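**Q** need a 3D model of the following:
(chains A and B)
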Amino acid sequence: MKKWTYLPVILLVLLYVISMLIDPDKISIQLEERNLPPGFSHLFGTDWLGRDMFLRTMKGIELSITVGLLTAVLSTIVSFLAAMLASMHKWLDRLISWLTDLFLSLPHLVTLILISFTLGGGFKGVVIGLVLTHWPSLTRVLRAEILQLKETKYVKISEKLGKGFWWQARHHYLPHLLPQMLVGFTLIFPHAILHEASITFLGFGLSPEQPAIGIILSEAMQYLSTGFWWLAFFPGLILLIIILLFQICAKAWKSYLEKDFSHENIVRD
Amino acid sequence: MQLVTFIGKKILYLLLLLVAVSFITFTLVSISPIDPVRAYIGADMLIISSEQRAAIEDYWGLNEPMFVQYFHWLASIISGDLGVSLIYRIPVKDIIADRFISSFLLMGIAWVLAGIIGILLGVFAAMKKETWIDRVIRGYCYILLSTPGFWLGLILLMIFAVWLGILPVGLSAPIGDLSYEVSFFDRLYHAILPALTLSIIGIANVCLHTREKLLDVLEQPFIKQARANGLKGLKLFSRHGVRNMILPAISVHFASFGELFGGAILAEQVFSYPGLGQAIVNAGLNGDIPLLLGVVIISACFVFLGNFLADMLYTVVDPRLRQRKGESRL
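**A** Numbering: from 1, shown residues only, chains lettered A, B, ... in the order given. Modelled structure (predicted):
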């Protein structure tokens, strides 16, 4: 792996740690300092209650990354389990394929709105909704991979030796699928963050007391026509940078993990 | 004949899909904490007695098992009755019909724009592979893929509507005009900003796919032959490249209807544009179950239509695929 690919990872971890260290009490209401444009004392300006937008944005980023990580981990696990289930029996396979088709047949945002409508929004609702919308595409990939694996000689021998299904799962499938799952994880993460911000922006996601980017942006919308551009500009920009950083990592990881299959890329380089 | 069975199968699939989607949606909505009677009555909840309430529940069949309720609902949908919206107090069918036109205008403009610009950029990037043009276009696409669509909308709104003041802040028609006074150009004028937002976001996907596809095509032996014959640049592309990449590129663009619809929900919310997206958001926030169910079904049909057209392009338009099935003519 090229050295520079570590840079975005380090930057991301740094951002996450710094945002975690910020004391939420510091984001206090200071009415004498409200609606200040960006400057040295307030990097991203202040809002209509005098809260520092930089601190609020960083807290929002922390929440976004937490939701993103949690969702990406959970959906990766769900897709692995679903793919394993599909490999157990023909009918289960049909069922899982049908379910993936079904989930892909609605726009993600519509499914998210429905699920958070059912669960009443909040942190739990958002995470469940995001997991349910993000597992199908990875499941398809893993399922195809397992189907191929099942036909390999060593898996067949292992079956003849009387190894149980879950033993095979742990010793044959999981190690082989791990790279795919890692790639899937890195692809789900930025998506999940974007969707969390969107659904929160629409009012179905995290509750207004939480310092989420979606909340900040939907509040900022009411102040746009008064010219307080910094309320919306910086939080969105930081979110964009986080997602971009992660997509750069994802691309680098993907080409690194898939090196075995893509020998022609090496020749071309 | 083959085309007929193909379409027949697809329509059967759509019907099964709709039944499944509607059942799951109905289940989700019925286990939600929203009380339909309270959502319907609203603020008058205090003045109705418990007997009246029980009468309403009885009349609506709320005490029946969920399956029975579902089949009642399905039966009325099949007969064309989607129910009455609780927040707008008019039939859901009328709302959807009215808003579909607005949304269609918005999504249509955005889709066509994104398709044309995306394919052109993708072609440029692939033809100039590994040059600075390619790098700039790819970098631009990756930035777009990381951009929250609604944030881009907010930024465009600030620039064009607030600072420059040349485009309207929102809605689909001038405030105060009656519906028959609104001309097509008024509607178009108000759709510019949301459509622009949607198309800028939509470019990235189709552009990257076009680039990949054209790069694949350019690796083929017949291109090597053409290059050896001295063809290059625009001529090489127009004679040998375009036919081979245009179908996959367009069908990828058709298959992105789901993202288009999701983007439209956000864009309509930012620009207060009264389309289907705004309808589903209002329905969800205010517990308007009939409208919510209606828009969900419409969105499923919309996504299906996109995928269907993408499939059709492959199997019906591409002459090579027809031949491969052993048929010379349809």
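**Q** only C-alpha atoms for contact and neighbour calcs from this point on.
**A** Will do.
**Q** so B:Gly80, which of the three states?
**A** coil (DSSP: H, G, I helix; E, B strand; the rest coil).
**Q** could you measure from B:Gln98 over to B:Leu106?
**A** Quick fix: residue B:98 reads Asp, not Gln. Applying C-alpha to C-alpha, to the nearest Å, the value for B:Asp98 to B:Leu106 is 13 Å.
**Q** what of B:Ser32?
**A** 32 Å.
**Q** quick check, central residue of chain A?
**A** When C-alpha atoms, centre = their mean is applied to chain A, the residue found nearest the centroid is A:Phe189 (2.3 Å).
**Q** any idea how far the helix or strand harbouring that one is from the chain center?
**A** According to DSSP states H and E, A:Phe189 maps onto helix A:174-202. Relative to its parent chain, helix A:174-202 has a centroid offset of 4 Å by C-alpha atoms, centre = their mean, to the nearest Å.
**Q** quick one: buried residues of that helix?
**A** For helix A:174-202, a neighbour-count test (16 or more other C-alpha atoms under 10 Å in any protein chain shown) marks A:174, A:177, A:179-202 as buried.
**Q** now swap in stretch B:121-130 and tell me
**A** B:121-127.
**Q** and what of stretch A:204-222?
**A** So for stretch A:204-222, counting by 16+ other C-alpha under 10 Å, buried means A:204-206, A:208, A:210-221.
**Q** intersect those residues with the contacts of chain B.
**A** A:204, A:217, A:221 (C-alpha under 8 Å from any C-alpha of the partner chain).
**Q** can you put the residues you listed in CSV and add pLDDT?
**A** CSV is the format used below for these (pLDDT from 0 to 100):
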residue, pLDDT
A:Phe204, 85
A:Leu217, 86
A:Met221, 80
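**Q** just the ones in helices from those, please.
**A** Among those, the members found in helices (DSSP state H) are A:217, A:221.
**Q** which one of the ones next to chain B among the buried residues of stretch A:204-222 sits closest to B:Trp73?
**A** A:Phe204 (25.7 Å; C-alpha to C-alpha).
**Q** does the closest one touch A:Ser116 like I think?
**A** Yes: the pair A:Phe204 / A:Ser116 is scored as a contact, 6.2 Å apart, by C-alpha atoms under 8 Å.
**Q** which of the buried residues of helix A:174-202 come close to chain B?
**A** Okay, of the buried residues of helix A:174-202 touching chain B (C-alpha under 8 Å from any C-alpha), that's A:190, A:194, A:197-198, A:202.
**Q** farthest-apart pair in those residues, please.
**A** The most distant members of those, if one measures by C-alpha to C-alpha, are A:Pro190 and A:Leu202, lying 18.6 Å apart.
**Q** next to chain A, which bits of chain B? Give me the list.
**A** Counting by C-alpha under 8 Å from any C-alpha, chain B sits next to chain A at B:17, B:20-21, B:25, B:28-29, B:31-33, B:142-143, B:146-148, B:150-151, B:154-155, B:158, B:162-163, B:258-259, B:261-262, B:266, B:269-270, B:281, B:284-285, B:296, B:299-300, B:303-304.
**Q** A:Asp47 against A:Ala232, yeah?
**A** No: using C-alpha under 8 Å as the test, A:Asp47 is too far from A:Ala232 to be in contact (10.3 Å).
**Q** return the distance of stretch A:37-44 from the chain's centre.
**A** With C-alpha atoms, centre = their mean, you get 30 Å for stretch A:37-44.
**Q** give me the residues contacting it.
**A** A:36, A:45-46, A:52-54, A:228, A:230-231, A:234 (C-alpha atoms under 8 Å, 6 or more residues apart in numbering or on different chains).
**Q** list the buried ones in that stretch?
**A** A:37-38, A:42, A:44.
**Q** higher neighbour count, B:Asp98 and B:Leu106?
**A** Remark: of B:Asp98 and B:Leu106, B:Leu106 carries more neighbours, 28 against 14, as counted by other C-alpha atoms under 10 Å in any protein chain shown.
**Q** thought the more buried one was touching B:Thr197?
**A** No: here B:Leu106 does not reach B:Thr197: they are 10.2 Å apart, not a contact under C-alpha under 8 Å.
**Q** host element of A:Ile10?
**A** Going by DSSP H and E, A:Ile10 is part of helix A:6-21.
**Q** next SSE downstream of that helix?
**A** Past helix A:6-21, the next helix or strand by DSSP H and E is helix A:53-88.
**Q** and that next one, does that touch chain B?
**A** No: judged by C-alpha under 8 Å from any C-alpha, helix A:53-88 makes no contact with chain B; its nearest approach is 12.9 Å.
**Q** tilt between that helix and helix A:174-202?
**A** 130 degrees (axes from the mean of the first three to the mean of the last three C-alpha atoms, to 10 degrees).
**Q** now do helix A:53-88 against helix A:6-21, angle only.
**A** Going by the same axes, to 10 degrees, helix A:53-88 makes 120 degrees with helix A:6-21.
**Q** give the buried residues for helix A:53-88.
**A** For helix A:53-88, by 16+ other C-alpha under 10 Å, it's A:53-65, A:67-80, A:82-87.
**Q** likewise for stretch B:206-216?
**A** For stretch B:206-216, by 16+ other C-alpha under 10 Å, it's B:206-215.
**Q** in helices, which of the residues you listed fall?
**A** B:206-215.
**Q** got any ranges where chain B has weak pLDDT?
**A** Applying pLDDT under 70 to chain B flags residues B:1, B:34-46, B:60-64, B:166-184, B:317-330.
**Q** in it, what residue is nearest chain A?
**A** B:Ser32 (4.1 Å; C-alpha to the nearest C-alpha).
**Q** could you find the closest non-adjacent residue to A:Ser19?
**A** A:Met58 (5.2 Å; C-alpha to C-alpha, 6 or more residues apart in numbering or on different chains).
**Q** what segments of the stretch 101-250 of chain A are helices?
**A** A:108-119, A:122-150, A:153-160, A:165-168, A:174-202, A:213-221, A:230-257 (DSSP state H, counting those that start in this stretch).
**Q** phi and psi next, for the residue lying closest to A:Leu194 once chain neighbours are set aside.
**A** Spatially, and ignoring its direct neighbours in sequence, A:Leu194 is nearest to B:Pro148 (6.1 Å; C-alpha to C-alpha, 6+ apart). In terms of degrees, to the nearest 10, the main-chain angles of B:Pro148 are phi -70, psi 120.
**Q** so what's B:Pro148 up against?
**A** So B:Pro148 contacts A:194, A:197-198, A:236, A:240 (C-alpha under 8 Å, 6+ apart).
**Q** can you show me the helices along the stretch 151-300 of chain B?
**A** Taking DSSP H, counting those that start in this stretch as the criterion, the stretch 151-300 of chain B carries its helices at B:184-218, B:221-228, B:233-236, B:242-254, B:257-270, B:276-286, B:289-312.
**Q** quick one: distance of the second one to the chain centre.
**A** By that I understand helix B:221-228. 39 Å.
**Q** buried residues in that helix, which are they?
**A** B:Ile223.
**Q** list the contacts of that helix.
**A** B:217-218, B:236, B:240.
**Q** need the max-distance pair from these.
**A** Farthest apart among those - using C-alpha to C-alpha - are B:Val217 and B:Leu236, which lie 11.6 Å from each other.
**Q** A:Pro107 is in contact with B:Glu259, correct?
**A** Yes: if you go by C-alpha under 8 Å, B:Glu259 and A:Pro107 touch, sitting 6.3 Å apart.
**Q** more neighbours, these two?
**A** Neighbour count, other C-alpha under 10 Å: between B:Glu259 and A:Pro107, A:Pro107 has more, with 23 against 18.
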